[in-house]
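Undergrad: what follows is a predicted structure for the sequence shown.
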Amino acid sequence: MDRKEFLATMGFGATSLAVLSCLGCGKGSSSTNGSTSAATNVDFTLDLTASANATLTSNGGYLISHGVLVARTAAGAYIAVQESCMHENSPLVYQAASTRFFCNNHGATFTEKGVVTGGPTSRSLTVYNTNVSGTLLRVYS
């Protein structure tokens, strides 16, 4: 085998390997990383006296737990939605002053009830139930 044949063979092999490894990395991939599916069978409790949950003791505060964004509205109610945007799985933030969830990545916006109000997605967020009992906040499907 001469140098030209060797390089052609190696180039074909490398190209084949690259194509095979990228078959599952497209936008429609079902990998967990690119998934826009919400957590299912959600049922967890947050102790509102725990320092890890301190942001929920103030109106407008929020945190992420168990794949769920849990927030305390400006009015003091607790709400919970999936943690990521329906468009490309980008993380959401809660903006209490605007009473909405916002995707910093692409600008999608959602009401406090998870309804899409702007941006590149047309799918609403999954909303979870919340219930306060004393100092415990339960979030569940």
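TA: Received it, and whenever you're ready, just let me know what you need.
Undergrad: remind me what the helix or strand containing Thr45 packs against, helices and strands.
TA: Take DSSP states H and E as the rule and Thr45 turns out to sit in strand 43-47. Here strand 43-47 touches strand 136-140, going by 3 or more Cβ pairs under 8 Å, 6 or more residues apart in numbering; DSSP states H and E. Where C-beta positions appear, they are placed from N, C-alpha and C, glycine not excepted.
Undergrad: number of residues surrounding the residue nearest to Ala96 when sequence neighbours are not counted?
TA: In space, and not counting its chain neighbours, Ala96 is closest to Gly60: 3.3 Å by Cβ to Cβ, 6 or more residues apart in numbering. Using other Cβ atoms under 10 Å, Gly60 is surrounded by 14 other residues.
Undergrad: just checking, Gly60 touches Ala97?
TA: Yes. Counting by Cβ atoms under 8 Å, Ala97 is a contact partner of Gly60 at 7.2 Å.
Undergrad: which residues do the two both contact?
TA: Common neighbours of Gly60 and Ala97 are listed as Ala74 (criterion: Cβ atoms under 8 Å, 6 or more residues apart in numbering).
Undergrad: which strands border the strand holding Thr45, and is each parallel or antiparallel?
TA: Neighbouring strands of strand 43-47 in its sheet, by DSSP bridges, are strand 136-140 (antiparallel).
Undergrad: any chance you could map the helices in this structure?
TA: 3-22 (DSSP state H).
Undergrad: give me the average confidence score over the strand holding Thr45.
TA: Averaged over strand 43-47, pLDDT sits at 98.
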